[in-house]
Every structure is written in C-alpha cells, then in structure tokens.
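A.B. asks: build the 3D model from these lines:
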Amino acid sequence: MKAACIFPIIGFACLFWAGNTKEILTRYTITGYAQGTDYVITYYATNARIHKNTIDSTLNVIDSSMSLYKPYSLINKINTGGPGFFELDDHFYNVLIKSFAITQDSKGVFDITVAPLVQLWGFGGRAVDHFPDSGEVRQAVACVGMDKIRLKGHRLEKKSPCVQIDLNGIAQGYSVDVLAELLEDRGIQHYVVELGGELRVKGPKPDGLPMRIGIERPVDGESSVVTINDVMEIREGAITTAGNYRKFLQDGNRKFSHHIDPKTGYPFDTGIISATIYAEDAVTADGYDNVIMAMEAEESIRFVNKRKGLEVFVIYKDTSGKVRDTMSTGFKKLLANNK
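C.D. replies: Numbering: from 1, shown residues only. The predicted model follows:
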C-alpha cells in the first residue's frame, strides 16, 4: 500500500442553483473497507442514488481480478501458473493497457512484473528474515521485465514460469475511477471518491466553490508525523500520492524504500520523499506517481512539464539533507494561495 499523503478538506453547503431552478442537494457519505484500506465516498444529490452494497460489490469484483491478497484472484492464478495464455476480464485488461502505456513512456521505470523483487525485499505478502544479497537480487531480476509478458486481444501471454505481476502501483487508482464512473452513471455531478488516499473529485461544491484538498508534509522528511501546509483547489480531476516516509524497511542507519528499480533490483534512492500527482483520472495519476519516485526532483519536474494533463508536487531532500519542495508549472495554479 502506498503512503496516503493527501487529505480531503471538504465543507459543502447544501444548496445549489441549477439554471433558474433551486435544487436542494443532500449530502450522502458511504464509508467502508476494501483493498486493505478505508474508503470514503461523499456525494451531493437530490436523493440517495447509490448505496454501500453497490460500492462493496464493485470493489469485490475488482479484488477478485487484481488483488494479491485474494487466493482465488485472477492475478494469483496468473502468477502461480506456468507459461501460456490467460483470459483476462475487462478490469485486468484495462489496467494492463494503461500499464504498458506508462511503461513505454517511462522507458521501463514503471514495470508491473516487479513482484519477485517486491517480495524479495519484504514488501510483499510474506515476511522475510533478511535483506537479499546480490545473488538473490540477480536471480529475481531475471524474472522481471515487461518483455516477458504480452497482450494479445483479451489474453495475456506469460512467457516464463517465474514471471509474476504486481498491480498495487496502479490498481487502486483504477478502482477510484471505476467508482467515480459509477457515480456519474447515476447522475451524480458533485462528489469526492477517496480510497487509500487516492482521490477523484468532481465539482464544484454545491456552493459553487472548488474542492479543497490538503497535501501532507512529513515534519522532518522521514517521520510519519505530518503537517498540512499546502492546499489545492480543484473543480475536477484526480490526485494521488506516492511516498516513502510511511512504508520502508530499515537496517541500522539504512532505510530501504518500497519503490524498487526493476532494472537493478534495488530500491530507488533519489531523495524524493513524496510525489503528489494531479491528472484527469486516478489510474493515470496512480501510475505516474511511482515513476516520479524513481527520479531526481528537478528531473521529475522536467518530465512532467513535457506531458499534457499531468502536474506534480514533489517533497525531497537536497544534497545537504534539507527538506525542500518543487512543483511543475501547472501545479502552482492549483494551490489555493496562488489563486
């Protein structure tokens, strides 16, 4: 699970003018637990248009497809199966299409076949009793690489028996999008969907103002104690955050990030503490926040500034160890204090 580094600040009014007709909108909130974390869905409508059982059943279907923690899931059948073709459901297929696109754009930094390395370093479902040596890392890297899988229609070809897939870096964002689209299909036009810190919003608020989203900042760059110094104001879009100050392993003075380089087999050490991404949809933001964690801070800004519809806010440590932040050109326009 990625660090949840964004915090919704929501204070909706209950009246909204639509044309010349005054509609009284009621606030509805649905909460629950799924994918190893909490979810909160807040929406405004003239009547209750969706209920918790619909949300839970939708998330259960997604988990049955892509959750590594469900023994019966499709992803576990693929991971434990031999080389060959596997028929995909629509959810799995959609996430793979996006994954291949981000892999190509990031020149292989984003890689969903990284599962053997995730487990080797102790970030998987099974506990480990030691950090891997170079031989173990090389053996795991031999099983990693997007060239070892291939999509052919709605079927996935697994070319080697040791290849294993991990969609944790993108599936949660996809789940947020599915829930958002479910709300919109019910005619809901004002909402916040939050799952494990990944957000998608549509507004404005019923009072006509944009949504306000707070960005967490670790007080010393490492501690789980955080403050909220920066607030975003947006009317529509998705926000996700990747960070290494909540989820890491430590060996003496050494800390190992859970973001692992699929090429070297070792955790990235770029100085970036967290990366908050804004994009049109959550699956895009979720995939790219992992890519940013693999870059140096200034490199990440250059990368994002070249891509339409993508913005980033980066908290990082400079060479002297001081915590700083930087952001893409468009992100500055999203901050409340820059309005």
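A.B. asks: spatially nearest residue to residue 55, not counting backbone neighbours?
C.D. replies: Nearest residue to residue 55 in three dimensions, chain neighbours excluded: residue 30, at 5.7 Å (C-beta to C-beta, 6 or more residues apart in numbering). For glycine as for every other residue, the C-beta is placed from the backbone atoms N, C-alpha and C.
A.B. asks: within the helices and strands, which one has the one you found?
C.D. replies: Assigned by DSSP states H and E, residue 30 falls within strand 26-34.
A.B. asks: buried residues in that strand?
C.D. replies: Residues of strand 26-34 classed as buried: 28, 30, 34 (neighbour count, 16 or more other C-beta atoms under 10 Å).
A.B. asks: then stretch 155-175?
C.D. replies: When burial is assessed from 16+ other C-beta under 10 Å, stretch 155-175 yields the following buried residues: 156, 158, 163-175.
A.B. asks: so of those residues, which ones are in helices?
C.D. replies: Among these, the members falling in helices are 171-175 (criterion: DSSP state H).
A.B. asks: of those residues, which is the nearest to residue 124?
C.D. replies: residue 171 (15.0 Å; C-beta to C-beta).
A.B. asks: which residues in the stretch 201-339 of the chain form strands?
C.D. replies: In the stretch 201-339 of the chain, the strands defined using DSSP state E, counting those that start in this stretch lie at 211-218, 226-234, 236-243, 248-251, 254-257, 272-279, 311-317, 323-327.
A.B. asks: would you turn the ones you listed into JSON lines with mean pLDDT, distance to residue 144 and mean neighbour count?
C.D. replies: JSON lines is the format used below for the strands of the stretch 201-339 of the chain (pLDDT from 0 to 100; distance: least, C-beta to C-beta, whole Å; neighbours: other C-beta atoms under 10 Å):
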{"stretch": "strand 211-218", "mean pLDDT": "83", "distance to residue 144": "30", "mean neighbour count": "21"}
{"stretch": "strand 226-234", "mean pLDDT": "85", "distance to residue 144": "33", "mean neighbour count": "17"}
{"stretch": "strand 236-243", "mean pLDDT": "93", "distance to residue 144": "19", "mean neighbour count": "25"}
{"stretch": "strand 248-251", "mean pLDDT": "53", "distance to residue 144": "19", "mean neighbour count": "12"}
{"stretch": "strand 254-257", "mean pLDDT": "58", "distance to residue 144": "17", "mean neighbour count": "17"}
{"stretch": "strand 272-279", "mean pLDDT": "94", "distance to residue 144": "22", "mean neighbour count": "27"}
{"stretch": "strand 311-317", "mean pLDDT": "94", "distance to residue 144": "26", "mean neighbour count": "24"}
{"stretch": "strand 323-327", "mean pLDDT": "93", "distance to residue 144": "30", "mean neighbour count": "16"}
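A.B. asks: relative to residue 124, which of those strands is closest?
C.D. replies: Per C-beta to C-beta, nearest to residue 124 of these: strand 248-251, 11.9 Å.
A.B. asks: quick one: residue 174 and residue 93 touch, right?
C.D. replies: No: using C-beta atoms under 8 Å, residue 174 is not in contact with residue 93; the gap is 11.1 Å.
A.B. asks: what's residue 82 in contact with, if anything?
C.D. replies: Residue 82 makes contacts with 158, 161, as judged by C-beta atoms under 8 Å, 6 or more residues apart in numbering.
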